[in-house]
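>>> Can you look at this prediction? I've put the sequence above it.
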Amino acid sequence: MFWGLAAVVLFLEWPAGIAQYTFAAGILCNASVTLANGGFMPVAAHRKMRGPARSLWVQKHSGMRLTFLADNFGNRFIRFSIGDVLLLAGIIVSFFGV
């Protein structure tokens, strides 16, 4: 539901340009990996997560799909994905008006 609303707002309210397409690519990457894994974002964590999933993020394992788009980068405190980088790039490009 969230990704659908984000896409609708993106295309209805924001004039077309490089920032919009970069932001849309980030939405597409994050939505794809989340939907491919039953609504959860796989995370390549340094430490083992314990217990059942209580949020959107779950420990990455071999049976998951599109893991190259998952939260694979960062350090032990913060993890991010290719989609997150594209979202941030779209925001920065929009802010500077390129």
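Great, that's in hand. Residues are numbered from 1 along each chain as shown.
>>> Please make it C-alpha for all contacts and neighbour counts, starting now.
OK.
>>> Contact partners for the residue positioned nearest the centre of the chain?
By C-alpha atoms, centre = their mean, the mean C-alpha position of the chain lies nearest to Asn30, the distance being 3.1 Å. By C-alpha atoms under 8 Å, 6 or more residues apart in numbering, the contact list for Asn30 reads Leu69, Ala70, Ser81, Gly83, Asp84.
>>> Ala24: which of these is nearest?
Among the contacts of Asn30, Gly83 lies closest to Ala24 (C-alpha to C-alpha), at 9.3 Å.
>>> Tell me the secondary structure at that closest one.
Counting by DSSP: H, G, I helix; E, B strand; the rest coil, the backbone at Gly83 sits in helix.
>>> If we ignore the residues flanking it in sequence, what's nearest it?
Gly26 (4.0 Å; C-alpha to C-alpha, 6 or more residues apart in numbering).
>>> so where's the chain uncertain?
Low-confidence segments of the chain (pLDDT under 70): 1-14, 46-54, 98.
>>> So Asp84 versus Asn75, what's the distance?
Look at Asp84 and Asn75: by C-alpha to C-alpha, to the nearest Å, they are 15 Å apart.
>>> same thing with Gln59?
For Gln59, the distance to Asn75 - C-alpha to C-alpha - is 15 Å.
>>> Quick check on those two: which one has the bigger neighbour count.
Neighbours of Gln59 and Asn75, each counted by other C-alpha atoms under 10 Å, are more numerous for Gln59; the result is 18 against 10.
>>> The more buried one contacts Phe40, doesn't it?
No: applying C-alpha atoms under 8 Å, one finds Gln59 not in contact with Phe40, separated by 9.5 Å.
>>> Mind jotting down where the strands sit in the protein?
Assigned by DSSP state E, the strands in the chain fall at 41-43, 57-59, 73-74, 79-80.
>>> from those strands, which stretch is densest packed?
With neighbours defined as mean count of other C-alpha atoms under 10 Å, the strands of the chain peak in mean count at strand 41-43, which reaches a mean of 24.
>>> Tell me where the chain has helices.
2-13, 18-36, 82-96 (DSSP state H).
>>> and the longest one, how far out from the chain's middle?
What that stands for is helix 18-36. Relative to its chain's centre, helix 18-36 lies at 7 Å (C-alpha atoms, centre = their mean, to the nearest Å).
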